[in-house]
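Enquirer: Got a predicted structure here, sequence first:
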Amino acid sequence: MAETSAVDVGVNRKELFLRACCGETLPRIPVWMMRQAGRYLPEYREIRANHAFLEVCKTPDLAVEVSLQPFRRLGVDAVIVFSDILIPAEAMGLKLELGDAGPNLPEPVRTAPDVAKLNIFDPESSTGFLPEAIRRIVRSVGPTVPVLGFAGAPWTLACYMVEGKAKEGFATVKSFFAHEPETFRALLHKIARATVPYLKAQIAAGVAAVQLFDTWCGELNRHDYEEFALPAVQEIISGLGGAVPVIYYTKASQHLLPAIAKSGANVLSVDWRLDLADLRAQLGPKIALQGNVDPAVLFGPANKIQEVTRATAAALGGKGHILNLGHGILQHTPVEHARMFIETGQAARFAEVAPAAQAR
Ligand code: CP3
């Protein structure tokens, strides 16, 4: 894709992205959107009209095509591979249905024998479609565009594996760890042990960074987060050994900071409930931040989209910041509004500081 003047600052997208992950101040900040490949795009809906969701995930030709759609149409600064956080749950041995009503796991994990039965799968033989899609995306976009891999964080994946679906309050999974803390810990540890090779396979296939999605960690109080969720995230991040930057997404998690900052992630991705400048003041300059425009802002009006995007882009002065939404883009978002978010973010300019002069 040809660089347009709004995005061309003499540094390619991959360098911008990687330098933002390292906390550098950049002439412009990278911009992408969680769930950027999805139903708000007519070309995605066209593919989904003929192919089931899991079929798209498991067919590299289709996964590559939908991963590239937002890059072609909107010129986003990163391409996230099309997949789902529940793919490893299936590879660990659970039945998985992903229909219009959302995910359903009809045989959820409820007992110690259920945990013992789960497999630590080989990612190339069980989920080889994913590294294959990544290799093809990397080949297609070339060396100047970052491709992102991802996985669910163990707690969030465990919520689906135990509840069977997303449920208000998560009573079943909370009751699981209250009654059988050691079994629940074993489940999180098993998910972490499966996730490390799964992400390493994505890294070997060429991703520039990986994101861990912990959408439901905000359901926990700080004690339970530190007791259960955090150690399993730390296990994954240390298991990756710094091979690529790790972005850790959490939602509604203000009560969990600064425990979240101990995850070992290079970048914390947060939602609109947090103020980015306050968070930077609290955590210091070593942890880069991603976010955090409310996806509902993209319903407009146009002047509001620009105002919020500019203010969010300005919040950290271009230092250690990847501009994104605070959660996935919503299904009925007008494509032109998504474009406005991307282009407004890419047009923001900051004074570049020579790398040697930057405090690290
Ligand atoms: O960001 C991207 O564009 C890459 C693809 C991606 C999807 N899911 C595709 C998807 C990513 C990174 C995810 C992550 C994911 N999946 C999370 C964490 C982030 C978040 O949104 O909270 C979670 C919790 C899931 C589980 C999941 N998958 C749910 C709850 C649903 C149903 C809700 C919905 O939006 O339909 C899915 C299905 C899903 N995953 C869709 C997409 C594009 C929609 C399915 C469709 O096309 O019909």
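Expert: It's in. Residues are numbered from 1 along each chain as shown.

Enquirer: Quick check: residues of the chain near the ligand?
Expert: Neighbours of the ligand within the chain, by CB under 6 Å from any ligand atom: 34-39, 48, 53, 80, 82-86, 98, 102-103, 150, 166, 213, 215, 328. Every C-beta, even on glycine, is put in place using the N, C-alpha and C of the backbone.

Enquirer: could you redo the last one with a cut-off of 5 Å?
Expert: Counting by CB under 5 Å from any ligand atom, the chain comes close to the ligand at 35-38, 53, 80, 84-85, 102, 213, 215, 328.

Enquirer: now, which of these lie within helices?
Expert: Counting by DSSP state H, the part of these found in helices is F53.

Enquirer: Separate out the buried members of the residues of the chain next to the ligand.
Expert: For those, a burial check counting by 16 or more other CB atoms under 10 Å picks out 35-38, 80, 84-85, 213, 215, 328.

Enquirer: Columns pLDDT on top of those, output as TSV?
Expert: Below are those laid out as TSV (pLDDT from 0 to 100):
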residue	pLDDT
R35	98
Q36	98
A37	97
G38	96
I80	98
D84	98
I85	98
F213	98
T215	97
G328	98
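
Enquirer: neighbouring strands for the lowest-mean-pLDDT helix or strand in the chain, and are they parallel or not?
Expert: Lowest mean confidence among the helices and strands of the chain (mean pLDDT, DSSP states H and E): strand 97-99, at a mean of 91. Within its sheet, strand 97-99 is paired with strand 102-104 (antiparallel), according to DSSP bridges.

Enquirer: any chance you could map the strands in the stretch 51-200 of the chain?
Expert: Secondary structure of the stretch 51-200 of the chain (DSSP state E, counting those that start in this stretch): strands located at 79-80, 97-99, 102-104, 147-152.

Enquirer: Return the longest one as CSV; C-alpha atoms alone will do.
Expert: Just to be clear, that refers to strand 147-152. Provided in CSV are the C-alpha atoms of strand 147-152 (Å, rounded to 0.1, in the frame of the first residue of the first chain):
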residue,chain,number,x,y,z
VAL,A,147,1.5,-7.9,11.8
LEU,A,148,0.1,-8.7,15.3
GLY,A,149,-0.6,-12.1,16.9
PHE,A,150,-2.7,-12.6,19.9
ALA,A,151,-4.2,-14.9,22.5
GLY,A,152,-6.7,-14.7,25.3
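
Enquirer: And that strand, what does it pack against?
Expert: Packing partners of strand 147-152 (3 or more CB pairs under 8 Å, 6 or more residues apart in numbering; DSSP states H and E): strand 79-80, helix 129-141, helix 181-204, strand 209-214.

Enquirer: Now render these as TSV, adding distance to E307.
Expert: Converted to TSV, the helices and strands packed on strand 147-152 look like this (distance: least, CB to CB, whole Å):
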stretch	distance to E307
strand 79-80	27
helix 129-141	31
helix 181-204	36
strand 209-214	27
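
Enquirer: I'd like the distance from L130 to the ligand, if you could.
Expert: According to CB to the nearest ligand atom, to the nearest Å, L130 and the ligand sit 11 Å apart.

Enquirer: what does P108 give?
Expert: Counting by CB to the nearest ligand atom, the gap from P108 to the ligand is 15 Å.
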